[in-house]
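> predicted model and sequence follow; I will ask about them next.
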Amino acid sequence: MKKWTPPQDVDRIQALGPDCPSQLERILLECFQPLPKPKAGDWLAKGAPGDQNGDRRGQTLTQFCRPGPHRNFPSKHCNTIYLVPVGAVDGAPPVEVLAECLHAHFGLEVKTAKPLTKKEMADVNFHQDNAGFGPQLETSTVHDVLSKCRKPRDAWATVGYTMYDLCNTASGFGFVFGEARSDKCTGIFSFARYMETGISQSQFLRRCCMVLAHEVTHLFGIKHCVFARCLMNGSNHLEESESRPFAVCPVDLRKILDSLKPTGGLCPEQRELNLLAFFVKHGLDEDAALSRARLLVMGVQAPVVEFQKCSLLSLENTDSEVEQRNEAEAVGSTQ
């Protein structure tokens, strides 16, 4: 494999797909930095997972929108993400906060399911020869158990979270932070490697919520991103994970918006406001500042608001419609 270089701006814009609103082009170029060239040991380095599994090629919007089994769509009736504790989860962030994070990102309902039973846990393979973070769970067996759990009628995805470390030996991974199976619409993620001596609660929460949002985004069929520093970048080590912003780039945002159309749609401006509210509430100041910058490009004032739902795909409007709406709001605010 020849040496990989990050996509240029012309390729990044092309990845946004046809009929892209100009705001999203501006957000991509002004608010999301290109990926740097990979260093030894990074996700996209020669011989690393991103080199071997095809991640280097990226996934454009056009490629993502092609019909096929890689895509998963929530619907108006199956629109709920269920969070399932896997084993003891003492020390994990409150499940209510995890649910807030997912609702802010996707606008879907989020509910907590009962923990896996002892009988179900008996079907999960444990490895005692751990990688320094205690016994490990074999991810393939966790997915099997989660997929067999009785799903409520409104369930779209079942996502497990655990304080056990994870591995996928069949794929050659001695550990993984998390893993999604779009064919089963299940996910599993671990907090085991995120708590360090001296780390702040807000930083611990950020790490946990980022892996959660990352894995759930995979469930739509969205692959790792190479078009910007993005929540959907792959990660081969914790330092690389920390370098990502807590935000999907516009390429992946358009994929999410397209996937949510069967539910009635998601308003991208309100989504960004919900994310800002989440960041501010939980002390994620740098992420809040970046969110405000994106809202500024959208032409939206950025007060801290409570989470809201919105069924309008407003960034799918024409630029002139958005400008007219902003002008009307400006006139109304002076009265």
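Happy to help now that I have it.
> every contact and neighbour count from this point should use C-alpha atoms.
OK.
> which stretches of this protein form strands?
Assigned by DSSP state E, the strands in the chain fall at 80-85, 109-112, 126-127, 136-138, 155-162, 165-168, 173-176, 178-181, 186-190.
> burial count for P115?
Counted with other C-alpha atoms under 10 Å, the neighbours of P115 add up to 17.
> that one is in contact with V89, isn't it?
No. Taking C-alpha atoms under 8 Å as the definition, P115 is not a contact partner of V89, at 9.5 Å.
> let's have the strands of the chain in a markdown table, adding mean neighbour count, distance to L44 and mean pLDDT.
A markdown table is the format used below for those (neighbours: other C-alpha atoms under 10 Å; distance: least, C-alpha to C-alpha, whole Å; pLDDT from 0 to 100):
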| stretch | mean neighbour count | distance to L44 | mean pLDDT |
| --- | --- | --- | --- |
| strand 80-85 | 22 | 30 | 97 |
| strand 109-112 | 18 | 33 | 96 |
| strand 126-127 | 17 | 28 | 90 |
| strand 136-138 | 23 | 24 | 95 |
| strand 155-162 | 24 | 26 | 96 |
| strand 165-168 | 25 | 19 | 94 |
| strand 173-176 | 16 | 15 | 87 |
| strand 178-181 | 23 | 18 | 92 |
| strand 186-190 | 27 | 21 | 94 |
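> and G41, which of those strands is closest to it?
strand 173-176 (13.9 Å; C-alpha to C-alpha).
> report the distance from the closest one to the chain centre.
Centroid displacement of strand 173-176 relative to its chain, using C-alpha atoms, centre = their mean, to the nearest Å, is 20 Å.
> stretch 30-41 now?
For stretch 30-41, the distance to the chain centre is 18 Å (C-alpha atoms, centre = their mean).
> pull the residues that contact that stretch.
By C-alpha atoms under 8 Å, 6 or more residues apart in numbering, the surrounding residues in contact with stretch 30-41 are 4-8, 44-46, 48, 226-230, 236, 249, 290, 293-294.
> out of the residues you listed, which sit inside helices?
L290, A293, R294 (DSSP state H).
> most surrounded residue in these?
Among these, R294 has more neighbours than the rest - 24 neighbours, counting by other C-alpha under 10 Å.
> which residues in the stretch 1-150 of the chain form helices?
For the stretch 1-150 of the chain, helices defined by DSSP state H, counting those that start in this stretch occupy the ranges 9-15, 22-31, 49-52, 61-65, 95-106, 118-121, 139-148.
> distance between the ends of stretch 227-240?
The first and final residues of stretch 227-240 sit 16 Å from each other (C-alpha to C-alpha, to the nearest Å).
> now stretch 258-273
Termini of stretch 258-273 sit 19 Å apart (C-alpha to C-alpha).
> where in the stretch 51-200 of the chain is pLDDT low?
For the stretch 51-200 of the chain, the stretches flagged by pLDDT under 70 are 197.
> repeat the analysis, applying 80 as the threshold.
Counting by pLDDT under 80, the low-confidence segments of the stretch 51-200 of the chain come to 129-131, 150, 196-198.
> and the residue nearest to P74 when sequence neighbours are not counted, what is it in contact with?
Leaving aside its sequence neighbours, P74 sits nearest to W156 (C-alpha to C-alpha, 6 or more residues apart in numbering; 5.8 Å). By C-alpha under 8 Å, 6+ apart, W156 lies in contact with P74, S75, C78, N79, T80, I81, Y82, C185.
> which secondary structure elements does the longest helix seen in the chain contact?
In the chain, assigned by DSSP H, the helix with the most residues is helix 201-218. The criterion is 3 or more C-alpha pairs under 8 Å, 6 or more residues apart in numbering; DSSP states H and E, and the helices and strands that helix 201-218 contacts are helix 95-106, strand 178-181, strand 186-190.
> rerun at 10 Å
Applying 3 or more C-alpha pairs under 10 Å, 6 or more residues apart in numbering; DSSP states H and E, one finds that helix 201-218 contacts helix 95-106, strand 155-162, strand 178-181, strand 186-190, helix 238-242, helix 250-259.
> among the ones you listed, which comes closest to R207?
Going by C-alpha to C-alpha, the one of these nearest R207 is helix 238-242, 7.6 Å.
> what's the closest one packed up against?
By 3+ C-alpha pairs under 10 Å, 6+ apart, helix 238-242 packs against helix 201-218.
> rewinding a little: so which of the helices of the stretch 1-150 of the chain is nearest R271?
helix 95-106 (6.2 Å).
> using CSV, list the CA coordinates for that closest one.
Only the C-alpha atoms of helix 95-106 are listed here, as CSV (Å, rounded to 0.1, in the frame of the first residue of the first chain):
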residue,chain,number,x,y,z
VAL,A,95,-27.1,6.2,32.4
GLU,A,96,-29.3,9.3,32.3
VAL,A,97,-26.3,11.3,31.0
LEU,A,98,-25.5,8.7,28.4
ALA,A,99,-29.2,8.9,27.3
GLU,A,100,-28.9,12.7,27.1
CYS,A,101,-25.9,12.4,24.9
LEU,A,102,-27.5,10.0,22.4
HIS,A,103,-30.8,12.0,22.3
ALA,A,104,-28.8,15.2,21.6
HIS,A,105,-26.9,13.5,18.7
PHE,A,106,-29.7,11.7,17.0
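> in that helix, what's buried?
Under the neighbour-count criterion of 16 or more other C-alpha atoms under 10 Å, helix 95-106 has V95, L98, A99, E100, C101, L102, H103, A104, H105, F106 buried.
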